[in-house]
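Colleague: my questions concern the predicted model and sequence given below.
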Amino acid sequence: MDILSVLKDLAIIVVFAKAFGLLARKLKAPQVVGEIVAGLVVGPSVLGIVKLNDFLEICAGIGVVLLMFSAGIGTNLKQLMHTGVKALVIACSGVFVPLVGGTLLYMGFYGFSEIGTPKFFTAVFIGVIMTATSVSITVETLREMGKLKTELGTTILSAAIIDDVIGILVLTFVIGFKDPDSSPGWMALRALAFFALSIVLGFVTYKIFKVIDKRWPHTRRIPILALALCFGLSYVAEKYFGIADITGAYVAGIILSKLHDSTYIEQKLDINSYMIFGPIFFASIGLKTQINGISWELVLFSAAFVAVALGTKVIGCGAAARLCGFRGTDTLKVGVGMMTRGEVALIVAQRGLAEGMISSEYFTSVILLIIISSILTPIILKLLYSSAEPAA
């Protein structure tokens with residue numbers, strides 16, 4: 001690997017990712033879908049003009065960290081703290097039911113195995129991938145219909161935020177349990193220690209950033225220091241606590257989410273993420289996905305994976321919504337609104353691949369889930385709202 005080949009690969013990835021991303025947006029699909037397809041096209045499955053190497057892997061890893069930091073800094077902490085019991089119950093159910101459903105699905109296809117074996121952890125990880133929720137498409141659909149600021153819209157948005165927090169915690173625990181020297185008690189203790197440190201460090205860091213922000217508002221030193229916090233906390237989380245680095249990045253984002261210049265920080269860091277690291281990460285998913293010689297068994301598994309992932313979100317979140325007092329089509333609206341998948345599902349899947357818990361062939365299933373859920377969710381939501389409104 002030399003600098004010239006790296007420059008060639010970067011140029012190809014950036015151009016193709018942007019072109020396919022714009023095409024996806026024109027087709028009303030998430031832009032990330034186009035970037036993944038770009039990776040498939042330039043990778044060994046189609047054209048074969050780009051091969052994944054160590055440098056691109058590292059850039060993709062940085063892209064994941066930046067994406068999770070952006071997710072954290074974009075979190076409405078006030079809404080998250082005051083969302084109430086309803087969103088929490090819906091989020092917990094929306095994680096638990098898909099987790100169990102995904103685990104049973106894998107075991108149904110490939111056989112049941114003893115707890116603690118590699119096959120068992122693969123099954124559980126398939127369930128972990130299903131726990132992720134991405135409501136960007138749901139939010140846009142509700143905004144178009146003027147329903148975003150209703151009680152139902154706020155509940156869906158809040159539940160999705162909590163859902164992602166719980167999902168990242170589940171990911172951390174599952175990766176930790178894979179270590180033969182770990183135990184549930186030790187994992188829980190390390191997680192508690194990390195979050196206790198995060199609270200103390202977060203309070204001190206927030207106060208320091210608040211002073212800097214007040215003295216030098218809208219200056220580049222603020223996003224530079226924010227980036228250092230993101231990378232530093234990611235390193236500390238995994239190195240010293242055994243917590244996934246993306247959890248550290250997410251927590252770093254939440255620490256700065258209430259800062260006056262939080263939007264400014266997000267805009268500046270998004271330049272790096274949007275222009276290079278993000279496209280490399282999503283394209284790397286396509287580069288890793290092998291569509292040549294896919295077996296019929298994997299095709300059937302992918303179809304079942306999509307069906308179970310969508311169904312368990314609707315059932316889990318819908319049932320919890322009913323317990324929380326929603327009635328009629330409102331329970332379905334909550335379930336359907338929570339069934340979209342996006343970047344977090346890909347991040348979780350990529351993390352599983354890095355840890356050796358799943359193989360790259362399962363990215364095909366995840367990509368199909370993102371595409372299908374992105375298409376179905378706005379269609380079904382609009383049908384549910386139109387059927388619930390009285391005829392003029």
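Modeller: Structure received. Numbering: from 1, shown residues only.
Colleague: all contacts plus neighbour counts: C-alpha atoms, from now on.
Modeller: OK.
Colleague: could you pull up the residues touching Ala159?
Modeller: 87-88, 90-91 (Cα atoms under 8 Å, 6 or more residues apart in numbering).
Colleague: list buried residues within those.
Modeller: Burial by neighbour count, 16 or more other Cα atoms under 10 Å: within these this picks out 87-88, 90-91.
Colleague: between those residues, which is nearest Leu197?
Modeller: Using Cα to Cα, Leu88 comes nearest to Leu197 of the buried ones among the contacts of Ala159, at 23.7 Å.
Colleague: elements contacting the helix or strand harbouring that closest one?
Modeller: Element membership for Leu88 (DSSP states H and E) is helix 84-110. Packed against helix 84-110 by the contact rule (3 or more Cα pairs under 8 Å, 6 or more residues apart in numbering; DSSP states H and E) you find helix 118-131, helix 151-178, helix 296-323.
Colleague: what helices and strands are in contact with the shortest one?
Modeller: For helix 118-131, the contact count by 3+ Cα pairs under 8 Å, 6+ apart identifies helix 84-110, helix 151-178, helix 343-354 as packing neighbours.
Colleague: any buried residues in the first one, and which?
Modeller: Within helix 84-110, the residues that qualify as buried by neighbour count (16+ other Cα under 10 Å) are 86-107.
Colleague: the residue nearest to Thr131 when sequence neighbours are not counted: what's it in contact with?
Modeller: Excluding the flanking residues, the one nearest Thr131 by Cα to Cα, 6 or more residues apart in numbering is Val95, at 4.8 Å. Contacts for Val95 (Cα under 8 Å, 6+ apart) come out as 130-132, 163, 166-167, 313, 316.
Colleague: keeping just the C-alphas, turn stretch 248-256 into PDB.
Modeller: Extracted C-alpha coordinates of stretch 248-256, given in PDB (Å, rounded to 0.1, in the frame of the first residue of the first chain):
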ATOM      1  CA  GLY A 248     -17.500   7.000  24.700                       C
ATOM      2  CA  ALA A 249     -18.100   9.200  21.600                       C
ATOM      3  CA  TYR A 250     -21.800   9.200  22.200                       C
ATOM      4  CA  VAL A 251     -21.300  10.300  25.800                       C
ATOM      5  CA  ALA A 252     -18.900  13.000  24.700                       C
ATOM      6  CA  GLY A 253     -21.600  14.400  22.400                       C
ATOM      7  CA  ILE A 254     -24.200  14.400  25.200                       C
ATOM      8  CA  ILE A 255     -21.800  16.200  27.500                       C
ATOM      9  CA  LEU A 256     -21.700  19.100  25.000                       C
END
